[in-house]
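# predicted model follows, preceded by the sequence.
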Amino acid sequence: MKNFNLFYLAIIAAIGLLVTVLSPDFHKELSFYGFAESRATEINYNYPVVVERILVKPGQEVKAGEVLIELSRRKTKEILEDQIFRIAELKADEALWKKKLKNEIGELAVNKQNQISEVEAKIEKTKHELAYRKSLLEGLTAIRPEETSYKPLEETLLRFDQKKMDLEQLFDLKIKGLEEELSLGQNPYREQIRRYLAEKAFDESQKVQPIVVTAPSDGLVGNISCKEAEHIPSYSTLLTFYEPHSEIIEGYVHEDLTLEVKIGQNFTISSLKDEHIKYQGKVIGLGSRIVEIPARLRQIDVIKAYGREVLIEIPTQNDFLQKEKVSILYVPSETDAKELVQK
């Protein structure tokens, strides 16, 4: 019985020691894992292209300006046919517009003639009536001419003459306006036709436009997402280009230790393959939520763990490989250690 009690006491003591060792308060250093990350550039275009030649392979080191891919931009037959159709459509609209104006001019001319003819008929009728009245008084001595007034008929005749002049001026003004619109370039379709003709001429001259894709800087070729003679849609990635050295370390600190990591803290980043390769880095970003830590960066990869993403900037010139797993270590200053003990 005594041995049994000692066994359990030993187990309890071991568990207590393990909890103490694993507790953040026991340590004066904070460590977790991460991996070296290079900035990636996805090369694509905002218009369709055809891959003519691929001159590199995934993982190949290239120098700035080195040719990666040769492409061509080709105007499709559908685009050119669409332009021809639009031009023909506009010309048809232009012809209808001209015909409509000419019809309006013709209608105005007919209306002018009809209305003036009506007024002229009234003028002739008034003139005949005036002449008839005057003829009745010829040879009569009993009635003095001054006793009979022709003024109402004469005034009516003057009004008809004025109306005829007004109608002629009104119709002539309208007809002149339409004729000027037809002849002085106020065509609403002509400018659109000129624009489409210019676009068509340009597109025909640019049916096949060569494009040479070069490396923006020294670096590594990542995934190549195309093949020769392939037609690539707009905005589709052709290849991924990585800068030669990792500038960012992406790590994940356990959720129980998230409050221990702050923006601006300095960490020592060490290679797990060569202990002599290590650099100082500064925290430049922290994740906004708790996420599952990738299996590769867990203390025990088969056991799920959760934590907060940490981004650490390191010197551009370094010997880390792309995606290399590294150790991230923070040794607090004496002030930080005192604060940690007081907690």
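Done, it's in.

# wait, what's in contact with the residue nearest to the spatial centre of the chain?
With distances taken as C-alpha atoms, centre = their mean, the residue of the chain nearest its centroid is residue 46 (9.4 Å). For residue 46, the contacting residues are 234-235, by C-beta atoms under 8 Å, 6 or more residues apart in numbering. All C-beta atoms are positioned from the backbone trio N, CA, C, and that covers glycine.

# 6 Å - rerun?
For residue 46, the contacting residues are residue 234, by C-beta atoms under 6 Å, 6 or more residues apart in numbering.

# so it versus residue 237, what's the distance?
Residue 46 sits 13 Å away from residue 237, going by C-beta to C-beta, to the nearest Å.

# domain assignment for this protein?
Annotated domains of the chain cover 21-38+245-342, 43-75+206-242, 77-200 [automatic domain parsing].

# now those domains in JSON lines, with mean pLDDT?
Converted to JSON lines, the domains of the chain look like this (pLDDT from 0 to 100):
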{"stretch": "domain 21-38+245-342", "mean pLDDT": "84"}
{"stretch": "domain 43-75+206-242", "mean pLDDT": "89"}
{"stretch": "domain 77-200", "mean pLDDT": "78"}
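
# show me the contacts for residue 212.
Residues in contact with residue 212 (C-beta under 6 Å, 6+ apart) are 67, 70.

# hmm, try it at 10 Å
Counting by C-beta atoms under 10 Å, 6 or more residues apart in numbering, residue 212 makes contact with 52-53, 55, 67-71.

# that one pairs with what?
Per DSSP bridges, the residues bridged to residue 212 are residue 70.

# what's the distance between it and residue 89?
Separation of residue 212 from residue 89 (C-beta to C-beta) stands at 38 Å.

# repeat for residue 40
Where residue 89 is concerned, residue 40 sits at a distance of 46 Å (C-beta to C-beta).

# next: residue 210.
Separation of residue 210 from residue 89 (C-beta to C-beta): 33 Å.

# and the two? which has more neighbours close in?
For the pair residue 210 and residue 89, the greater number of neighbours falls to residue 89 (14 against 9), based on other C-beta atoms under 10 Å.
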